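J.: Provide a 3D model corresponding to the input given below.
(chains A and B)
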Amino acid sequence: MRIATWNVNSVKARLGNVTEWLDSAKPDVVLFQEIKCETAAFPLQAFQDLGYHCAVVGQKAYNGVALLSREEPTDIITRLPGEPEDEQARYVEATVGGIRIASLYLPNGNPVGTEKYPYKLRWMDRLKAHASSLLASEVPFVLGGDYNVIPEARDVYDPAAWVTDALFRPETRAKFREITHLGLVEAFRAVHPTAERAYSFWDYQAGAWPRDMGLRIDHFLLSPQAADRLVGCAIDKGPRGQEKASDHTPVVLELAA
DNA sequence: ATGGTTGGCCTCCAA
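T.: Below you'll find the predicted structure:
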């Protein structure tokens, strides 16, 4: 099974790029983040025409996630447990082919001096708690999406310049490690243990893309049973180089059978 | 060189 994750930065502004990529990459499942539209405004038909079922959690203007799959997803949940007052559209999870698969958009957390940063850390605590309960259930699972976390110094073009940023602060990285240390496998790093300058995001500003000033912030975390089936994980830089590109590019996970 | 871009929305916010 091939599962892709892609922060599309507005599914409506990106519809041409996205459908063209799906048509060539043909993932079995694709996880979108930052669809930036309400659920009812999601361009369902375009994706149904490509053979996908869609589980969509949208909101006006910001955030928004979706899970698309060739097989109909079941047992869909539309929010991360904990903080029921949290209305931000950042999580959708469903069962596809016997695997629990989530599309998540972890809060950015900048600027650090505001309430946005503690919200990010609380969201990570909630993700950790949810991952713990999924592990206890012993169902194989894949948590994919835009984590807004740079795991290590080699995952950013200039670590010193980013050390006070919410994506790379030591406290953020420590929280990310708390999650992986539950026993999850970060798929790209497992498959490419020595890769450098392997990025999934390049800012629109300051010529970041042509200068390869990127970050690796889009990840797949795999449960032990899912990791046993890990065949490959690759970043497809193609879409980032196109006209009207998202600032993120797809990451593709391959699981056996 | 204290720079620069994009999307959504409505005058700036978020990234």
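J.: only C-alpha atoms for contact and neighbour calcs from this point on.
T.: Will do.
J.: Figure out the helix or strand that A:Ala129 lives in.
T.: Under DSSP states H and E, the secondary-structure element containing A:Ala129 is helix A:116-137.
J.: how about that helix as CSV, C-alpha atoms only?
T.: Written as CSV, here are the backbone C-alpha positions of helix A:116-137 (Å, rounded to 0.1, in the frame of the first residue of the first chain):
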residue,chain,number,x,y,z
LYS,A,116,0.3,29.6,20.1
TYR,A,117,3.3,27.8,21.5
PRO,A,118,1.7,26.3,24.6
TYR,A,119,-1.2,25.3,22.3
LYS,A,120,1.3,23.4,20.1
LEU,A,121,2.9,21.6,23.1
ARG,A,122,-0.5,20.6,24.4
TRP,A,123,-1.5,19.3,21.0
MET,A,124,1.6,17.2,21.0
ASP,A,125,0.7,15.9,24.5
ARG,A,126,-2.7,14.9,23.1
LEU,A,127,-1.1,13.2,20.1
LYS,A,128,1.2,11.3,22.5
ALA,A,129,-1.8,10.2,24.6
HIS,A,130,-3.7,9.1,21.5
ALA,A,131,-0.7,7.2,20.1
SER,A,132,-0.5,5.4,23.5
SER,A,133,-4.1,4.3,23.3
LEU,A,134,-3.7,3.1,19.7
LEU,A,135,-0.6,1.1,20.7
ALA,A,136,-2.5,-0.5,23.5
SER,A,137,-5.2,-1.5,21.0
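J.: Quick one: list the elements packing against it.
T.: Applying 3 or more C-alpha pairs under 8 Å, 6 or more residues apart in numbering; DSSP states H and E, we find helix A:116-137 packed against helix A:170-180.
J.: helices or strands up against the helix it packs on?
T.: helix A:116-137.
J.: got the phi/psi numbers for A:Arg100?
T.: The phi/psi pair for A:Arg100 (degrees, to the nearest 10) reads phi -80, psi 120.
J.: Check the offset of stretch A:215-231 from the chain's centre.
T.: Relative to its chain's centre, stretch A:215-231 lies at 11 Å (C-alpha atoms, centre = their mean, to the nearest Å).
J.: my bad, stretch A:46-63
T.: Chain-centre distance of stretch A:46-63: 15 Å, with C-alpha atoms, centre = their mean.
J.: swap in stretch A:7-19?
T.: Here stretch A:7-19 shows a centroid-to-chain-centroid distance of 15 Å under the convention C-alpha atoms, centre = their mean.
J.: Check stretch A:38-56 too.
T.: The answer for stretch A:38-56 is 18 Å, by C-alpha atoms, centre = their mean.
J.: Give me the buried positions along it.
T.: Across stretch A:38-56, burial judged by 16 or more other C-alpha atoms under 10 Å covers A:38-39, A:42, A:47, A:51-56.
J.: Out of those residues, which comes closest to DNA strand B?
T.: Minimum distance to DNA strand B across the buried residues of stretch A:38-56 is 7.6 Å, recorded for A:Glu38 (C-alpha to the nearest atom of the strand).
J.: shouldn't that closest one be in contact with A:Asn63?
T.: No - at 9.5 Å, A:Glu38 and A:Asn63 do not qualify as touching, with contact defined as C-alpha atoms under 8 Å.
J.: if we can go back for a sec, for the helix holding A:Ala129, the averaged confidence score.
T.: Averaging pLDDT along helix A:116-137 gives 98.
J.: And the next helix or strand past it?
T.: Criterion used, DSSP H and E; the element after helix A:116-137 is strand A:141-146.
J.: quick one: that next one to helix A:116-137, angle?
T.: For strand A:141-146 against helix A:116-137, the angle by axes from the mean of the first three to the mean of the last three C-alpha atoms, to 10 degrees is 160 degrees.
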